[in-house]
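Colleague: sharing a model prediction with you, sequence too.
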Amino acid sequence: MKAAWMTNAPDRISLAVIGAGQMGRQHAALITGQKACSLAAICDVNPTACSVADHFGVSFYRTLPELLERERIHGAIIATPNAEHAREAVHCLQQGVPVLIEKPIADTLEAARQIIDASDATKTAVLVGHHRRHNPLVRQAHAILQSDTVGPLVGVSVLWTLCKPDEYYQQAWRCIPPAGGPTLINLIHDLDSLRYWCGDISEVFAHTSSATRQLEVEDSLSITLRFENGALGSIFASDTTPAPWSYEATTGENPTYDHVSENCYHFCGVRGSLAFPQLTTWSYPEGSPRGWQHPLAHRQWTARTADPLSLQLEHFCQVIQQQETPLSDAYDASRSLATALAVLESASQGRPISIKQP
């Protein structure tokens, strides 16, 4: 149901940001740059975060209940540590306030289920920040894969290989499993993208290694995937190798990463294949014979350039006004969390793991 003040759409959507860390500050900056919304407040348990609120010229609160009592907001963006997502999201939802939750939706499936149940009970929207789904490159690849160009999917191969700087792991939480390793920090994005492109994953089998960094968390992974539609997949991931084949480096989405014109995903179908993010498809010309002795034709597709985080924020405003449904709702995002947790469970137990329902 709509909050009382949403009976008539406001001129500007009033938003609060919960958590003033790196992502919280980024969300706050994006809000202030949008015409459709405005920043009402910042909330963080750390009193020094009041400087962030001062920077943006908005109110600062140490607790979420106090913020919700005093501020008249239309939505909240939750950018706190994963273990705090459920408590804060449920509190907002119970007040009829839609939420955008940074990925992953929570740290456990039990916590994710609390968010799903609260959203269902209050009929209040949850959008989870799997922002890559908003990238026009990703949307174009989705359209190609859903068309007859590639045909029924046979399999997909993924590389996520890069070298994180040594200072990255000077933050202690990044060295502590399960939240600190690349599976839940990075690969949950790729697993969610694969689900968006190819359909749900039914089973994973993973091996991990910490041989290079010698930390508690993994630095390299090898994952095999089985999709519900019968397609197969593989991921090799490592954050400790000088290599250009990662979503971040190849798409140019994040200017922090050095951009290279390479591919990191290869999709193989019955009718053709797709290399991403260059968006090149390969197939036999219509009416031509098929077989390895015959030449393949290729086609270059294009997509517009746009910041997916800004597009996600615009989408959240539309969701708040009930003009769009969440591109990644609580249940859908919980499936991505379940897949990532299954990867860690498989590596720990040394056997294939079926994906649990949230």
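Modeller: Yep, it's here. Being a predicted model, the structure only gives us computed values, none of them experimental.
Colleague: tell me which residues of the longest helix anywhere in the chain come out buried.
Modeller: Among all segments of the chain classified by DSSP state H, the helix with the greatest residue count is helix 330-349. Taking 16 or more other CB atoms under 10 Å as the neighbour-count basis, helix 330-349 is seen to contain the buried residues 330-344, 346-347. Placement of C-beta: from N, CA and C, glycine included.
Colleague: and the helix or strand following that helix, how far from the chain's centre?
Modeller: Sequence-wise, the next helix or strand downstream of helix 330-349 (DSSP states H and E) is strand 353-354. On the basis of CA atoms, centre = their mean, to the nearest Å, strand 353-354 sits 22 Å off its chain's mean C-alpha point.
Colleague: what pairs with strand 353-354, parallel or antiparallel?
Modeller: The pairing partners recorded for strand 353-354 under DSSP bridges are strand 201-209 (antiparallel).
Colleague: could you check the pLDDT of Ala111?
Modeller: Per-residue confidence for Ala111 comes out at a pLDDT of 97.
Colleague: quick one: residues contacting it.
Modeller: Applying CB atoms under 8 Å, 6 or more residues apart in numbering, one finds that Ala111 lies in contact with 83, 85-86.
Colleague: report the lowest-confidence entry in those residues.
Modeller: Ranked by pLDDT, these bottom out at Ala83 (92).
Colleague: how about the contacts made by the residue nearest to it when sequence neighbours are not counted?
Modeller: Counting by CB to CB, 6 or more residues apart in numbering, Ala83 lies nearest to Asp107, which is 4.6 Å off, once chain neighbours are set aside. Asp107 makes contact with 82-83, 85, 178-179, according to CB under 8 Å, 6+ apart.
Colleague: repeat that for 7 Å
Modeller: Counting by CB atoms under 7 Å, 6 or more residues apart in numbering, Asp107 touches 82-83, 179.
Colleague: how much space is there between Leu341 and Trp173?
Modeller: From Leu341 across to Trp173, the span is 18 Å (CB to CB, to the nearest Å).
Colleague: what does Gln321 give?
Modeller: When Gln321 is compared with Trp173 (using CB to CB), they lie 36 Å apart.
Colleague: so Ser157 is in which element?
Modeller: Assignment of secondary structure by DSSP H and E places Ser157 within strand 153-161.
Colleague: now tell me what touches that strand from outside.
Modeller: Counting by CB under 7 Å, 6+ apart, residues outside strand 153-161 touching it are 145, 186-187, 190, 194, 198, 229, 231-238, 241, 243, 245-247, 264-270.
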